[in-house]
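Asks: Would you be able to build a 3D model of this:
(chains A and B)
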Amino acid sequence: MYLELVLSYTIVLFAMVLAVGVINIYYFLDFVLQKENRKKLYQVWLLGLFALSVHSVGHIVEVMLEGSIIYSVLELTSLSMVLAAMAILVKNTLTFYTFIEIKKQLEMAVERRTKDLMTSNKELGQKVEELEKWQRLTVGREIKMKELKDEIKELKEKLEKYESQTR
Amino acid sequence: MIFGAILAATSVVTLFLSLALLVLSIWKREKLTSETAWDMLMERTSHLKLVFILMFFSLIIYLIAESAELLNIESPSAVLLEVHEVGESIHMIIGVAALLAVIPLLLIMQGGEDVS
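Replies: Numbering: from 1, shown residues only, chains lettered A, B, ... in the order given. I've put the predicted structure just below:
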């Protein structure tokens, strides 16, 4: 009776894990298709096959020796193995899902930073343009002032020369 | 009684098939875990999805059958016993179908190169 109770609880747990697996089937398949996970999936595959073998023996015992305790033990063993395999799959699926989420967040952050950089680059370009405009204006003015100064100096010299001649 | 016989027969087939696949998987470990094998597997994703669906379907039927068995312990009923027997038989038949569907995939993956 105790073993049957444990078996029923294991089945409930198994049903819950299965429900999580079915809900996450999309991500699960995405995870399965990743090359990096092939060795972990190979382990899951071996565990599953071993569990299936034990499960088959359990069914044979169930038919041959009806009501035998060996059947419950074998069922518990196979269910534990399937649960372990499913736990590996769910854990890796969640890890993969987290990785995808982090990757998405990083991509968004990079995009936002690039946009900020482009805006500041544009602003800097405008400022450089303004400064160049000012520089052109001020340099032109300086040249003009220098020309005027030279002209004044020349005129002064001419005036001095003229004054000395008239004396 | 007939479902018991079906269950026993499918269980024997499943046992031999799973043991054979287990031996093959361990023996060809390097080939099955190689990148080339994975590339070949990825080309047949629809087939892989079919195997997954069969496996999940088989597991769900198994859960229904086991639930019927547990309910039968609580309150014995011929209908629940029948549901249990029929469910287990269908579960094993679908299990055999899933295992048979895996074989072509494993054969395709055998084309992969050894990783040393």
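
Asks: so what's residue B:81 up against?
Replies: Residues in contact with residue B:81, defined by Cβ atoms under 8 Å, 6 or more residues apart in numbering or on different chains, are B:68, B:72. C-beta coordinates here come from the backbone N, C-alpha and C atoms, glycine included.

Asks: What helix or strand is it located in?
Replies: Using DSSP states H and E, residue B:81 maps to helix B:78-109.

Asks: In terms of helices and strands, where is residue A:121?
Replies: Per DSSP H and E: helix A:69-166 holds residue A:121.

Asks: Now do that helix, average pLDDT.
Replies: The average pLDDT for helix A:69-166 rounds to 87.

Asks: What of stretch B:55-67?
Replies: Rounded mean pLDDT across stretch B:55-67 is 82.

Asks: does that stretch come close to chain A?
Replies: Yes: judged by Cβ under 8 Å from any Cβ of the partner chain, stretch B:55-67 and chain A are in contact via B:56, B:59-60, B:63, B:66-67.

Asks: mind giving me CSV with those residues and columns for secondary structure and neighbour count?
Replies: Output for the residues of stretch B:55-67 next to chain A, formatted as CSV (DSSP: H, G, I helix; E, B strand; the rest coil; neighbours: other Cβ atoms under 10 Å in any protein chain shown):
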residue, secondary structure, neighbour count
B:56, helix, 16
B:59, helix, 21
B:60, helix, 17
B:63, helix, 18
B:66, helix, 23
B:67, helix, 18
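
Asks: mind putting those residues in JSON lines, distance to residue A:43 included?
Replies: Shown next, in JSON lines, are the residues of stretch B:55-67 next to chain A (distance: Cβ to Cβ, whole Å):
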{"residue": "B:56", "distance to residue A:43": "20"}
{"residue": "B:59", "distance to residue A:43": "19"}
{"residue": "B:60", "distance to residue A:43": "24"}
{"residue": "B:63", "distance to residue A:43": "24"}
{"residue": "B:66", "distance to residue A:43": "26"}
{"residue": "B:67", "distance to residue A:43": "30"}
